[in-house]
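Enquirer: here are the coordinates; sequence isn't available:
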DNA sequence: ATAAAGGTTGAAGTATACTTCAAGGTCAAG
DNA sequence: CTTGACCTTGAAGTATACTTCAACCTTTAT
C-alpha cells in the first residue's frame, strides 16, 4: 500500500496540514509511520479516520469526545464488539434527535413560504421588532 | 404586556444572563427598554428572537451571520417581503443539505448494526487501526 | 547544483462564544 | 431597615479549534 505525506493527506481530505498536525497532537489521530528522513507516512486508514472525524464533527460533537470514540474504535480485536455496537447506536440516536430538530425548524420556516401570504410574513417580521413604546 | 428582567428572560430561554448580555453586546439582540432605575425590561419579542438564535445556532451558523439575518428581519415594514422570503429559502436550503448529510452518515453507521455481523464490525474497527508495519 | 515546493519542530497568535470577576446599585421580604 | 437575591458596568479569563510564524531540513524539477 502506498503511503501519503501530510500534504497529500490534506488534499485528499480537504483539511490543512496544520489541522492534521493538530489532530495528531490532540490524540485524535495516532502517530503515523516515518520515513528515513523523518517525513510522516500516512496509510489509507487515515482517510477513514478523518472521514469519521468530519462526519462526527458535523453532528456537533466536540473533538475531545470524537477522540475518545476514535481511540476506542482503534483499541484492537480485544475490544468487545457489543461495546462498538453500543457506540454506534449512541451516534445514531444523536443523529435522529438532530433530524427531528431540523424537521421542526424547517416546518416552522416552510409555513412562512407556503401557508402564509405577504401580510403573514410582515407579521412574522414584526415579532422580531420591539413593540412601539407606550409612555 | 408584562416585561421581564434579564434573569427572567434567562430562565424562560435556558440561556444565562451573561449570554444574553453577550448577545446584546454583539448586536444580535437590540437594546431593550429600561426602567427608571436602569433595569432592562424585555418584552415577549425577545423570546421570539432568542428562539430564532437557538434554532439557527443548531444549524451550525455562526453568531455573526445570525446577527445579520436577525437585523434584516427587524428592519421594519419598509423591507421587501420577497427579500425576507429569500432569507427563509436560504435557511431551508441549508437545513436540507444538512438533512442529506445526516442521512448519509446514518446509513453508513446503520449498516454496521443491521447488515453486518460481528466479523464485519471487527473489520470496520480494523479500518481505524494502523496496519501491521512491514519492515 | 540550485531553487522551489513541501516537510519538520516549538511556540505564539486568532476567532468564536461565552464565563467569571469586581465593585457597586436596586428591590422585596421579614 | 437590613439582608439577600437580583440588577448594573467594565474588564479580564476560558475553552475549543485551529492558524500562523520562524527557522530549518528534504525532495523534485530544471
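Expert: Cool, the structure landed. Everything numeric here is computed off the predicted structure, so don't read it as measured data.

Enquirer: okay, now the domains of chain A?
Expert: Following automatic domain parsing, one finds the domains of chain A at A:1-61, A:80-135.

Enquirer: now do the same contact list for the closest residue to DNA strand C within chain A.
Expert: Residue nearest to DNA strand C within chain A: residue A:7 (2.2 Å; Cβ to the nearest atom of the strand). Where C-beta positions appear, they are placed from N, C-alpha and C, glycine not excepted. Neighbour list for residue A:7: residue A:17 [criterion: Cβ atoms under 8 Å, 6 or more residues apart in numbering or on different chains].

Enquirer: mind checking what secondary structure it has?
Expert: With DSSP: H, G, I helix; E, B strand; the rest coil as the basis, residue A:7 sits in helix.

Enquirer: for the domains of chain A, which has the smallest mean pLDDT value?
Expert: Least confidently modelled of those is domain A:80-135, at a mean of 69 by mean pLDDT.

Enquirer: so what's the residue nearest the centre of chain A closest to, chain neighbours aside?
Expert: Here the mean C-alpha position of chain A is nearest to the C-alpha of residue A:57 (Cα atoms, centre = their mean), at a distance of 1.7 Å. Closest residue to residue A:57 apart from its sequence neighbours, by Cβ to Cβ, 6 or more residues apart in numbering or on different chains: residue A:66 at 6.7 Å.

Enquirer: could you pull up the residues touching the nearest residue to residue A:91 once chain neighbours are set aside?
Expert: Once flanking residues are discounted, residue A:91 sits nearest to residue B:109: 5.7 Å by Cβ to Cβ, 6+ apart. Residues in contact with residue B:109 (Cβ under 8 Å, 6+ apart) are A:88, A:91, A:92, A:95.

Enquirer: and for the second one, the neighbour number?
Expert: Neighbour count of residue A:91, defined by other Cβ atoms under 10 Å in any protein chain shown: 21.
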